[in-house]
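Asker: pasted the sequence and its predicted model underneath.
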There are 6 protein chains.
Amino acid sequence: MASGFDSGLPSSRQIQNMIKEQKQVQVKLIGGEMLSGQLRWQDQFCIGLIDESNQSSIVWRHAIAYVKPIT
Amino acid sequence: MASGFDSGLPSSRQIQNMIKEQKQVQVKLIGGEMLSGQLRWQDQFCIGLIDESNQSSIVWRHAIAYVKPIT
Amino acid sequence: MASGFDSGLPSSRQIQNMIKEQKQVQVKLIGGEMLSGQLRWQDQFCIGLIDESNQSSIVWRHAIAYVKPIT
Amino acid sequence: MASGFDSGLPSSRQIQNMIKEQKQVQVKLIGGEMLSGQLRWQDQFCIGLIDESNQSSIVWRHAIAYVKPIT
Amino acid sequence: MASGFDSGLPSSRQIQNMIKEQKQVQVKLIGGEMLSGQLRWQDQFCIGLIDESNQSSIVWRHAIAYVKPIT
Amino acid sequence: MASGFDSGLPSSRQIQNMIKEQKQVQVKLIGGEMLSGQLRWQDQFCIGLIDESNQSSIVWRHAIAYVKPIT
């Protein structure tokens, strides 16, 4: 986990669990796009996502509306 | 409640009541989408929501336009 | 009024007047939706609104474009 | 002018001039709406606008894309 | 340049060069509108733009997606 | 790298790698536009991008939804 990042927050802990458990998630962006894949890391500003074709992307937190595990 | 979070604010208190009373609420996102369900937790950046199919999601406060109890 | 909130600002004072005088107002959201009703409280992050069907909602300041009294 | 507001900035000074000179201006909002009228006051978060039908509104700075004097 | 403004940043320096060299630029707004003209000043929150019809506008940084010199 | 910029964050390091390795990337903006090219520099507020026609642009971080290397 990165410095200047409050890992004690419920939101940070839940994201860290999704990373550890390699959960499939949906990431809904404020602009309307829905990303999906696995979360790989998080820091104060961004979250790392790997999609189904194993492509990584850096997603900015400020662009995220919600994250939802795919059950 | 999480650290660095002002639980004394009217908005925080009202959300905490909705959590305690397990109220059904509508959450209108800035992008236009309307979520609904029960609020489960809140922290400085996010609010936890459980929808009608018992699916949890982490909703970022910065993406929320308004929250409205369903009466 | 909530702590960490600058009630001395012209914008805070005008909103406080609208609350005291129970003015009917329009609240235009950044996403385009227009809410209307009476403002009931304000804090650092949110404003409380009661609409014509007496339904309350918590509106986030970051989602508001402008507030306009209905004359 | 309100406290916690840097009146020395070029942007603040230009807006203060528009207020003093009662200039007719266009205010383009991020959501796309174009407001027009005269600026009446400014503080750290908002700008006061009076439109052609003498209606006042509180416009949040975070919702403004640009302000343009009508020449 | 205004106080509370980090002129040492690469982005500030590049904008300052565009101002000095009176470059024709395109300014793409987050809402989708494309402005064009010359940058005249910058401060912590805004950038001054003069368009082809010599009209000045105050553009808020938070509304800008990108700035691109017209070559 | 610019001052006031946390180069230790995973997101900063990954962007710095993309700059060093001159990776072709896609930059998805919150407004929906997709930019592509090579990242050239980063600072606290912006990222420098050079597109296929060798045109440089200053892209504001607050406008970026995600960055994705093109493989």
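Answerer: Sure, I can see it. The shown structure was predicted, so the numbers you read here are calculated from the model rather than taken from an experiment.
Asker: going forward, measure contacts between C-alpha atoms and count neighbours the same way
Answerer: Fine.
Asker: give me the distance from the longest strand belonging to chain A to the chain's centre.
Answerer: Secondary structure assigned by DSSP state E gives strand A:34-42 as the longest strand of chain A. The chain centroid and the centroid of strand A:34-42 are separated by 4 Å under CA atoms, centre = their mean, to the nearest Å.
Asker: stretch A:39-50 now?
Answerer: For stretch A:39-50 - counting by CA atoms, centre = their mean - the centre lies 5 Å from the chain centre.
Asker: which residues touch it?
Answerer: Stretch A:39-50 has contacts (CA atoms under 8 Å, 6 or more residues apart in numbering or on different chains) with A:1-6, A:15-16, A:18-19, A:22-25, A:37-38, A:56-62, F:9-11.
Asker: which among those count as buried?
Answerer: Among those, those buried by neighbour count (16 or more other CA atoms under 10 Å in any protein chain shown) are A:2, A:6, A:15-16, A:18-19, A:23-25, A:37-38, A:56-62, F:9-11.
Asker: distance check, A:Leu49 against A:Trp60.
Answerer: A:Leu49 is 11 Å from A:Trp60, where distance means CA to CA, to the nearest Å.
Asker: strands of chain A, start to end?
Answerer: A:24-29, A:34-42, A:46-50, A:56-60, A:64-69.
Asker: show the average pLDDT along the longest one.
Answerer: The predicted model gives strand A:34-42 an average pLDDT of 98.
Asker: what are the pairing partners of that strand, and which direction each?
Answerer: Using DSSP bridges, the strands paired with strand A:34-42 are strand A:24-29 (antiparallel), strand A:46-50 (antiparallel).
Asker: so A:Gln38 sits against A:Gln22, correct?
Answerer: Yes. Contact criterion CA atoms under 8 Å: A:Gln38 and A:Gln22 qualify, at 5.9 Å.
Asker: which residues sit in contact with A:His62?
Answerer: Here A:His62 is in contact with A:Phe45, B:His62, F:His62, F:Ala65 (CA under 8 Å, 6+ apart).
Asker: output the strands of chain A in CSV; the columns should cover distance to D:Pro69.
Answerer: Putting the strands of chain A into CSV (distance: least, CA to CA, whole Å) gives the following:
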stretch, distance to D:Pro69
strand A:24-29, 35
strand A:34-42, 40
strand A:46-50, 38
strand A:56-60, 35
strand A:64-69, 35
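Asker: C:Thr71 is nearest to which of those?
Answerer: Nearest to C:Thr71, of all those, is strand A:64-69, at 35.5 Å by CA to CA.
Asker: now what about the closest one, what contacts it?
Answerer: A:18, A:23-30, B:29, B:55-60, B:62-64, F:65.
Asker: tell me how far the nearest residue to A:Gly32 once chain neighbours are set aside lies from chain F.
Answerer: Once flanking residues are discounted, A:Gly32 sits nearest to B:Gly31: 6.6 Å by CA to CA, 6 or more residues apart in numbering or on different chains. Distance of B:Gly31 to chain F, computed by CA to the nearest CA, to the nearest Å: 11 Å.
Asker: how about A:Ser57?
Answerer: Here the criterion is CA to the nearest CA. By it, A:Ser57 lies 4 Å from chain F.
Asker: excluding chain neighbours, give the residue nearest to that residue in space.
Answerer: Leaving out its chain neighbours, the residue that sits closest to A:Ser57 by CA to CA, 6+ apart is F:Lys68, at 4.5 Å.
Asker: what do you get for A:Ser36?
Answerer: A:Gln26 (4.4 Å).
Asker: who are the contact partners of the one you found?
Answerer: By CA under 8 Å, 6+ apart, the contact list for A:Gln26 reads A:Met34, A:Leu35, A:Ser36, A:Gly37, A:Val67, A:Lys68, A:Pro69, A:Ile70.
Asker: what pLDDT is listed against the last one?
Answerer: Residue-level confidence at A:Ile70 comes out at 95, pLDDT.
Asker: that one and A:Gln24 touch, don't they?
Answerer: Yes. Using CA under 8 Å, A:Ile70 makes contact with A:Gln24 at a distance of 5.5 Å.
Asker: and the residue of chain A closest to chain E?
Answerer: Here chain A gets closest to chain E at one residue, A:Gly31, 10.7 Å apart by CA to the nearest CA.
Asker: how many other residues sit next to that residue?
Answerer: If you count neighbours by other CA atoms under 10 Å in any protein chain shown, A:Gly31 ends up with 17.
Asker: for it, report the pLDDT, please.
Answerer: We have a pLDDT of 94 for A:Gly31.
Asker: for chain A, which spans come out with low pLDDT?
Answerer: A:1-4 (pLDDT under 70).
Asker: one more pass at 50, please.
Answerer: Low-confidence segments of chain A (pLDDT under 50): A:1-2.
Asker: rewinding a little: now the longest strand of chain A: buried residues?
Answerer: A:Leu35, A:Ser36, A:Gly37, A:Gln38, A:Leu39, A:Arg40, A:Trp41, A:Gln42.
Asker: OK, contacts around the residue of chain A closest to chain E?
Answerer: Here A:Gly31 is in contact with A:Ala63, B:Gly31, F:Ile30, F:Gly31, F:Gly32 (CA under 8 Å, 6+ apart).
Asker: out of the residues you listed, which sit inside helices?
Answerer: Among the contacts of A:Gly31, no member falls in helices (criterion: DSSP state H).
Asker: check these and tell me the two furthest apart.
Answerer: Farthest apart among these by CA to CA are B:Gly31 and F:Gly32. That separation is 12.2 Å.
Asker: out of everything not next to it in sequence, what's closest to A:Leu35?
Answerer: Take A:Leu35 and drop its neighbours on the chain: the residue closest to it by CA to CA, 6+ apart is A:Val27, 4.9 Å away.
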